[in-house]
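[1] sequence and predicted structure below; questions after.
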Amino acid sequence: MGAFLFYLVIGALITFVIWLAVRAFAQADSRTIVGALKVTGLAVGGAFVVWLLVSGRLGQGLMLAAALTPLLLRWKSLAARFSNLRGPRPGQTSDVETKYLRMTLDHDSGALDGVVRDGQFRGRRVGELSDTELGELLAQCRLGDDESARLLEAYLDRARPDWRAWGGAAASADEGTAAPSASMTREEAYRILGLAPGADAKAVRDAHRRLMVKLHPDQGGSDYLAAKINQAKDLLLSP
């Protein structure tokens, strides 16, 4: 009876610790947190295995782990389901980077802002630039990098709807719908969708759907950003 109670307490403790780890993974939106949990889990698991080995209880521990595995998998499935029911986690962002700009989209508010990476306004926030400075930055982008120009125009369409009155000649008819650059890494695609590297296909589709609701051109969004989001989804779902 005493041995049974001992194993029951140890099993309950292990189950509780793993449940906390699964719950934390379901809620985490930071690669740093995920990495810390992985390291902690490996350390705890390794220490427990060493203890079982030293105490001569490794066989019983393996039997207990095998018995608890179906329960843990069930809890993981429930945690993922509850996470999906809660919807997108607050504080998620998407990042798009070009030669001249690094722009961040806040998923909660839909606000788009960023930092100038190159040129005469390097290091300044886009949202702090005056109309005159934005016009100069747009002209520089149009001359030096078409991707940067279209990204800045996407920002202006959302933040300064009247920008075409002071931003120089309006874009030609095909500029607004031009396809983004074909070169996109998987890391960039994850950043655009606001996902951690390694996110599964369901997470990719869910993120794509949420962002398209906010950014689809029919909803007053941007053709350029919508195209980037579609490109990121296609890349991550490709074999």
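    Sure, I can see it. Because the structure is a prediction, the values reported are computed rather than measured.

[2] what residues sit buried inside stretch 103-111?
    103-107 (16 or more other CB atoms under 10 Å). In short, each C-beta sits where N, CA and C put it, glycine included.

[3] quick one: which of those sit in strands?
    Mapping these onto strands (DSSP state E) picks out 103-106.

[4] and of these, the nearest to Pro197?
    Thr104 (17.7 Å; CB to CB).

[5] might one say that that closest one is in contact with Gly110?
    No. Using CB atoms under 8 Å, Thr104 is not in contact with Gly110; the gap is 11.8 Å.

[6] for this protein, give me the ranges with low pLDDT.
    1-9, 11-13, 16-17, 19-54, 56-68, 71-91, 166-182, 216-221 (pLDDT under 70).

[7] strands of that one, start to end?
    Using DSSP E, strands in the chain cover 93-97, 101-106, 112-116.

[8] now the ones you listed as JSON lines including distance to Met184?
    Output for the strands of the chain, formatted as JSON lines (distance: least, CB to CB, whole Å):
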{"stretch": "strand 93-97", "distance to Met184": "10"}
{"stretch": "strand 101-106", "distance to Met184": "15"}
{"stretch": "strand 112-116", "distance to Met184": "18"}
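
[9] tell me which of those strands sits nearest to Leu236.
    strand 93-97 (13.3 Å).

[10] would you map out the domains in the chain?
    2-86, 93-237 (automatic domain parsing).

[11] what are the boundaries of the helices in this structure?
    2-27, 31-55, 58-86, 131-144, 146-159, 186-193, 201-215, 223-237 (DSSP state H).

[12] out of the strands of the chain, nearest to Arg205?
    strand 93-97 (15.2 Å).

[13] neighbouring contacts of the closest one?
    102-107, 117, 151, 188, 191-194, 211, 225, 228-229 (CB atoms under 8 Å, 6 or more residues apart in numbering).

[14] restricting to C-alpha, output it in PDB.
    Extracted as PDB, the C-alpha positions of strand 93-97 are listed here (Å, rounded to 0.1, in the frame of the first residue of the first chain):
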ATOM      1  CA  THR A  93       2.200  41.600 -34.400                       C
ATOM      2  CA  SER A  94       3.300  41.000 -38.000                       C
ATOM      3  CA  ASP A  95       6.600  42.400 -39.400                       C
ATOM      4  CA  VAL A  96       7.400  43.300 -43.000                       C
ATOM      5  CA  GLU A  97      10.900  44.400 -43.800                       C
END
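
[15] what pairs with it, parallel or antiparallel?
    strand 101-106 (antiparallel) (DSSP bridges).

[16] what angle do the partner strand and helix 186-193 make?
    50 degrees (axes from the mean of the first three to the mean of the last three CA atoms, to 10 degrees).

[17] next, the angle helix 201-215 makes with strand 101-106.
    Using the same axes, to 10 degrees: strand 101-106 against helix 201-215 is 100 degrees.

[18] what's strand 101-106 in contact with?
    With CB under 8 Å, 6+ apart as the test, strand 101-106 has contacts from 93-97, 111-117, 126, 141, 148, 151-152, 155, 194, 211, 215, 225.
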